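S.K.: Dropping a prediction and its sequence here:
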Amino acid sequence: MKKVLILALIGVFLVGGQAFGSLWNFYDFGDPFDHNNNWSPIDYPGVGHLPSPGGAEGENFDLEGAFFAQDEDYLYFGLTNSFGVMAYSTGWDHYYPLGDLFFGFNGNYTDYAINFDADRGYLSEVTSYDLIPEMQGSYGSPIREMVDAYRVNTGKALGSDFEMAVTRHEGIEANPLNPSVNTDAWLLEVKIAKSMFDFDFATLEMVGMHQTVACGNDLIHEDFGIIPEPGTLVLLGLGLIGVGSVRRLRRK
């Protein structure tokens, strides 16, 4: 009986996949809520592998973390950064928007795109994309090509079952490039119904995401392997209970 009870408890814990008490709205990705990612995949001239322009000021242009989760009906995307939907450069007195969030399934990264807008975002199926035009103070070639600072050129708008939230949290983390200063953090979240996609999610094995800043100062390129949905975990837990029960009966 004790073995059966232990297996039953395992099944219960498998059901509860989310943490509580974090700052997320649509899906609780847990804490800490960012990767504190202060290393850039691109070696910037005169800066190195830091969110350009480097040093403590580079934190203002930092893309920190990307997140993905799913349940039976929805996909959940999350981003954390240091500037929200628009980064401002004091040196150039210029604003640089957050590039479109590109994503795709099973090895693709540019099938779909989310445009973050201060008022309302939108989702599109991408038919063509290009590099974000250069702005004052932004990087040119070859950095822009290395960063893949993409924007949607043409695409088909998908349905309206799409929610977006952009929230700012003041002084929530230390600036690792200047430990005496606490840095603001932004959470950008998206909730999308699976019914909006012409895709068999039973075949989903991986989700790829790609995000840049329009000035080319940082990027995030992430792969997310798919773990079983909560319903599948429940069945797994019940299966374990069943196996334990059968073994116990055979021993009698």
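M.R.: Good, I have the coordinates.
S.K.: Following element in sequence after the worst-scoring helix or strand of the chain on mean pLDDT, please.
M.R.: For the chain, counting by mean pLDDT, DSSP states H and E, helix 2-15 ranks last in confidence among helices and strands (a mean of 33). Moving toward the C-terminus from helix 2-15, the next helix or strand (DSSP states H and E) is strand 63-70.
S.K.: ok now do the closest residue to P176 other than its chain neighbours, which residues does it touch?
M.R.: Nearest in space to P176, with sequence neighbours left out and distances taken as CB to CB, 6 or more residues apart in numbering, is N38 at 5.5 Å. For every residue, glycine as well, the C-beta is placed using N, CA and C. N38 makes contacts with 50-51, 58-59, 62, 176-177, as judged by CB atoms under 8 Å, 6 or more residues apart in numbering.
S.K.: okay, those in TSV with pLDDT and distance to T110 next?
M.R.: Formatted as TSV, these follow (pLDDT from 0 to 100; distance: CB to CB, whole Å):
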residue	pLDDT	distance to T110
L50	83	27
P51	79	23
G58	81	27
E59	81	28
D62	89	23
P176	71	31
L177	71	31
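S.K.: Give me the below-cutoff pLDDT ranges for the stretch 1-150 of the chain.
M.R.: For the stretch 1-150 of the chain, the stretches flagged by pLDDT under 70 are 1-22, 36, 118-120.
S.K.: ok, which stretches of the stretch 101-250 of the chain are strands?
M.R.: With DSSP state E, counting those that start in this stretch, the ranges of strands along the stretch 101-250 of the chain come out as 101-105, 112-115, 122-131, 150-157, 162-175, 178-193, 206-212, 219-225.
S.K.: coming back round to it: give me the buried subset of the contacts of N38.
M.R.: Neighbour counting by 16 or more other CB atoms under 10 Å classes 50-51, 58-59, 62, 177 among those as buried.
S.K.: How much space separates the closest residue to M164 other than its chain neighbours from P53?
M.R.: Spatial nearest neighbour of M164, excluding adjacent residues (CB to CB, 6+ apart): G121 at 4.0 Å. According to CB to CB, to the nearest Å, G121 stands 28 Å off from P53.
S.K.: same deal with L23?
M.R.: Using CB to CB, L23 is found at 28 Å from P53.
S.K.: Between those two, point out the one with more neighbours.
M.R.: The residue with more neighbours, out of L23 and P53, is P53; 18 against 15, by other CB atoms under 10 Å.
S.K.: and the gap between the more buried one and A87?
M.R.: Counting by CB to CB, the gap from P53 to A87 is 11 Å.
S.K.: Check S138 too.
M.R.: S138 is 11 Å from A87, by CB to CB.
S.K.: on that earlier part again, including distance to T80 and mean neighbour count, could the strands of the stretch 101-250 of the chain go into TSV?
M.R.: Output for those, formatted as TSV (distance: least, CB to CB, whole Å; neighbours: other CB atoms under 10 Å):
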stretch	distance to T80	mean neighbour count
strand 101-105	13	22
strand 112-115	15	22
strand 122-131	20	16
strand 150-157	20	15
strand 162-175	9	15
strand 178-193	6	18
strand 206-212	11	21
strand 219-225	10	15
